[in-house]
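Trainee: Next come a sequence and a model predicted from it.
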Amino acid sequence: MRSLKVLAVAAALVVATAAPAAAHVSVQPSDAAQGGYAKLAFRVPNEQDNAATVKLEVQLPTDQKFQSVSVKPLPGWTAAVTDTTVAWSGGRIEPGQFQEFEISVGPLPKVDELTFKAIQTYDNGDVVRWIEPTPADGSEPEHPAPVLHLTAATGSDHHDATAATVAPTTTAAPETVADTSAAAATKAGSDSGDGKVIGAYALGAVALAVAASALVLARRKSAGA
């Protein structure tokens with residue numbers, strides 16, 4: 001019996017310590033490509049049993065500011081956007097529920113990660129600040145700040161577009177030269193043939209003239225005799 005009680009207490013301690021760590025404000029997806037635009041969803045669970053979440057404020061990176069920030073409308077909530085924050089209010093996240101708040105941002109800077117500190121406010125006045133950085137050892141703090149990990153862009157799309165643009169130029173040029181050369185050869189051959197025909201007509205005319213002259217002389221000699 002004593003061993004059963006020890007096991008029961010140990011199980012209760014495991015559940016009590018593990019449950020709170022799983023529920024915190026996070027950003028989805030957890031990674032994106034540098035240089036592009038991304039749709040980010042901040043997932044906010046309600047961690048209290050007797051209060052509702054009524055406001056969320058997300059702090060945008062200030063050292064790597066986005067050129068564009070837009071908010072997806074969320075029924076029941078009103079969004080306010082500044083250069084440094086996006087804040088939602090007017091709605092409610094009841095106990096046992098969660099909500100996702102979506103934004104579109106970009107272009108994403110060429111850094112390894114971006115941190116979005118978040119502040120969650122309850123209707124009983126409690127404020128939870130999700131602003132703690134993750135330690136170097138990787139252990140999770142009590143209130144970690146949402147982090148977006150960034151990966152380097154491959155650039156394959158740009159390479160393919162360049163290749164498609166260059167290809168027609170490199171293949172079309174030899175065909176143009178070949179067609180021009182063939183046309184020149186045909187024209188030269190035509191000119192040469194025309195010259196030969198004209199020369200033949202000229203020689204024939206001379207021969208006829210010589211023959212006619214010889215015939216006339218022969219007749220005169222016959223008449224004189």
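Mentor: Thanks, I have the structure now. Residues are numbered from 1 along each chain as shown.

Trainee: Output stretch 24-41 as CSV - backbone C-alpha positions only.
Mentor: The C-alpha coordinates for stretch 24-41 follow below in CSV (Å, rounded to 0.1, in the frame of the first residue of the first chain):
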residue,chain,number,x,y,z
HIS,A,24,2.2,29.3,-23.8
VAL,A,25,1.9,31.9,-26.6
SER,A,26,3.7,30.7,-29.7
VAL,A,27,4.1,31.6,-33.4
GLN,A,28,3.1,29.3,-36.2
PRO,A,29,4.9,28.3,-38.3
SER,A,30,8.1,28.2,-36.3
ASP,A,31,10.4,28.9,-39.3
ALA,A,32,10.4,30.8,-42.6
ALA,A,33,12.7,31.7,-45.5
GLN,A,34,14.7,34.9,-45.5
GLY,A,35,13.8,37.6,-48.0
GLY,A,36,10.2,36.5,-48.5
TYR,A,37,6.9,37.3,-47.0
ALA,A,38,5.3,35.1,-44.3
LYS,A,39,1.9,34.6,-42.8
LEU,A,40,2.3,34.2,-39.0
ALA,A,41,-0.3,33.1,-36.5
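
Trainee: Which residues does that stretch contact?
Mentor: Stretch 24-41 has contacts (Cβ atoms under 8 Å, 6 or more residues apart in numbering) with 42-45, 56, 68, 72, 100-111, 116, 118, 120, 130, 143-144, 146-153. C-beta: built from backbone N, CA, C; applies to glycine.

Trainee: Show me where the protein has its strands.
Mentor: With DSSP state E as the criterion, the chain has strands at 26-28, 31-33, 38-45, 53-59, 68-71, 78-81, 85-93, 98-106, 113-115, 118-122, 127-130, 147-151.

Trainee: closest one to S139 among those?
Mentor: Comparison of these against S139 by Cβ to Cβ identifies strand 147-151 as nearest, at 14.1 Å.

Trainee: So among the contacts of stretch 24-41, which ones count as buried?
Mentor: Among the contacts of stretch 24-41, those classed as buried by 16 or more other Cβ atoms under 10 Å are 42, 44-45, 56, 101, 103, 105-106, 108, 116, 118, 120, 130, 144, 146-148, 150.

Trainee: in stretch 120-137, what's buried?
Mentor: Buried-residue list, stretch 120-137, by 16+ other Cβ under 10 Å: Q120, T121, Y122, V128, W130, I131.

Trainee: List the contacts of the fourth one.
Mentor: By Cβ under 8 Å, 6+ apart, the residues touching V128 are E47, I119, Q120, T121, Y122, H143.

Trainee: any idea how far T53 is from it?
Mentor: 9 Å (Cβ to Cβ, to the nearest Å).

Trainee: okay, and the common contacts of those two?
Mentor: Both V128 and T53 are in contact with Q120, T121, Y122, where contact means Cβ under 8 Å, 6+ apart.

Trainee: From one end of stretch 72-85 to the other, what's the distance?
Mentor: 15 Å (Cα to Cα, to the nearest Å).

Trainee: Over to stretch 81-99?
Mentor: Where stretch 81-99 begins and where it ends lie 19 Å apart, using Cα to Cα.

Trainee: Other residues contacting it?
Mentor: By Cβ under 8 Å, 6+ apart, the list of residues contacting stretch 81-99 from outside reads 43-46, 48-60, 62, 65, 69, 71, 74, 76-80, 101, 103, 123.
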